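Undergrad: need the 3D shape of this:
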Amino acid sequence: MKRKLFIAAGALALVGIIAGILVYFFVYNKPHKDYSKAEPEFTVDALALFEEFRTDQAAASGIYNGKVIAVTGTLTSVEQNDSLTVAVFEIDEGMFGSEGIRFTMLPASKDEIISQAPGTTITIKGFCTGYNETDVILEHCSLVE
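TA: Numbers count the residues shown, from 1 in each chain. As a prediction, the model looks like this:
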């Protein structure tokens with residue numbers, strides 16, 4: 001009886017080790033998506049995108065959230081906070097400051113966006129994460145050439 005219990009425990013331990021190895025290689029060690037090489041699912045104008053989110057946030061979220069989109073607009077400013085570089089397309093002046101679209105740039109695109117002069121019309125693509133009542137937020141962004 002002890003021998004059968006020992007064999008069953010050994011088999012369970014072996015299955016656990018194999019499961020751990022599989023989780024490591026296929027989940028934990030999974031490569032991240034390269035957003036700079038991703039093809040945008042939508043190409044939109046900055047003003048049109050902002051107005052879609054402002055007028056019907058639920059509908060716009062259903063269309064754009066979780067997707068890579070390319071947005072064309074006028075660069076208003078570039079903000080640098082620690083290691084983050086954020087490009088801003090200001091659309092409107094709200095009660096709490098400027099409202100528009102904020103792009104968190106990829107580190108590889110930092111120098112490219114800093115070299116752009118405010119007032120330049122550019123296209124930026126990134127992963128849309130939503131609207132926070134003042135700004136449309138895109139992350140993992142890069143300039144479209």
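
Undergrad: secondary structure class for E90?
TA: On the three-state scheme (DSSP: H, G, I helix; E, B strand; the rest coil), E90 is labelled strand.

Undergrad: then I113?
TA: Applying three-state DSSP: I113 is helix.

Undergrad: how about E133?
TA: Following three-state DSSP, the label given to E133 is coil.

Undergrad: what's around it, how many residues?
TA: E133 has 10 neighbours, counted by other CB atoms under 10 Å. C-beta: built from backbone N, CA, C; applies to glycine.

Undergrad: for Q116, same thing?
TA: That count, for Q116 with other CB under 10 Å as the rule, works out to 15.

Undergrad: let me see the contact set for the residue nearest to it when sequence neighbours are not counted.
TA: Nearest residue to Q116 in three dimensions, chain neighbours excluded: L75, at 5.5 Å (CB to CB, 6 or more residues apart in numbering). L75 sits next to A87, V88, F89, I113, Q116, A117, P118, G119, T120, T121, I122 when contact means CB atoms under 8 Å, 6 or more residues apart in numbering.

Undergrad: how about the fifth one, phi and psi?
TA: Spelled out, it's Q116. phi -80, psi 130 (degrees, to the nearest 10).
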